[in-house]
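> Need coordinates for the following:
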Amino acid sequence: MTFTVHVNGEPRDLAEGTTVGAVVASFGAERVRRGVAVAVDAEVVPRTQWERRELHEGERVEVLHAIQGG
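Alright, predicted model coming up:
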């Protein structure tokens, strides 16, 4: 069974049981976990919860990458 969430503003169909960690991995960010933050429905999900936090229909996920600048 699939459901839809919005990831960084774009609708995405996911399989039931998909975790925050799986969404982060789909961005290729699992190798560079430093400087990556995730919020679900405007609430930050601690990195220690990424692999356990399952996503659900209609949630809004923001995957943020810190960048340096000056």
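
> Tell me where this protein has strands.
Using DSSP state E, the strands of the chain run over 2-7, 10-15, 36-40, 43-44, 60-65.

> Quick one: residues in contact with stretch 6-19.
1-5, 22-23, 50-55, 59-63 (C-beta atoms under 8 Å, 6 or more residues apart in numbering). For the C-beta atoms, the positions are set from N, CA and C on the backbone; glycine is no exception.

> returning to that earlier point: just the strands of the chain: most buried one?
Most buried of those, by mean neighbour count (mean count of other C-beta atoms under 10 Å): strand 36-40, with a mean of 17.

> That one versus strand 2-7: what angle between them?
In terms of direction (axes from the mean of the first three to the mean of the last three C-alpha atoms, to 10 degrees), strand 36-40 departs from strand 2-7 by 120 degrees.

> Check the offset of strand 36-40 from the chain's centre.
Chain-centre distance of strand 36-40: 6 Å, with C-alpha atoms, centre = their mean, to the nearest Å.

> got it, and stretch 35-53?
Offset of stretch 35-53 from its chain centre (C-alpha atoms, centre = their mean): 7 Å.

> Check the model's average confidence along that stretch for me.
The average pLDDT within stretch 35-53 is 95.

> follow-up on the earlier one: among the strands of the chain, which is nearest Phe27?
strand 60-65 (5.6 Å; C-beta to C-beta).

> now the angle from that closest one to strand 2-7?
Angle of strand 60-65 versus strand 2-7, following the same axes, to 10 degrees, is 50 degrees.

> Residues in contact with strand 60-65: which ones?
Counting by C-beta under 8 Å, 6+ apart, 5-8, 20, 23-24, 27, 29, 35-42, 55 sit against strand 60-65.

> got the CA coordinates for that strand in PDB?
Taking Å, rounded to 0.1, in the frame of the first residue of the first chain, the C-alpha atoms of strand 60-65 are listed here in PDB:
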ATOM      1  CA  ARG A  60       5.100  17.500   5.200                       C
ATOM      2  CA  VAL A  61       8.700  16.600   5.300                       C
ATOM      3  CA  GLU A  62      11.500  19.100   4.900                       C
ATOM      4  CA  VAL A  63      15.100  17.800   4.400                       C
ATOM      5  CA  LEU A  64      17.500  20.700   5.000                       C
ATOM      6  CA  HIS A  65      21.200  20.800   4.100                       C
END
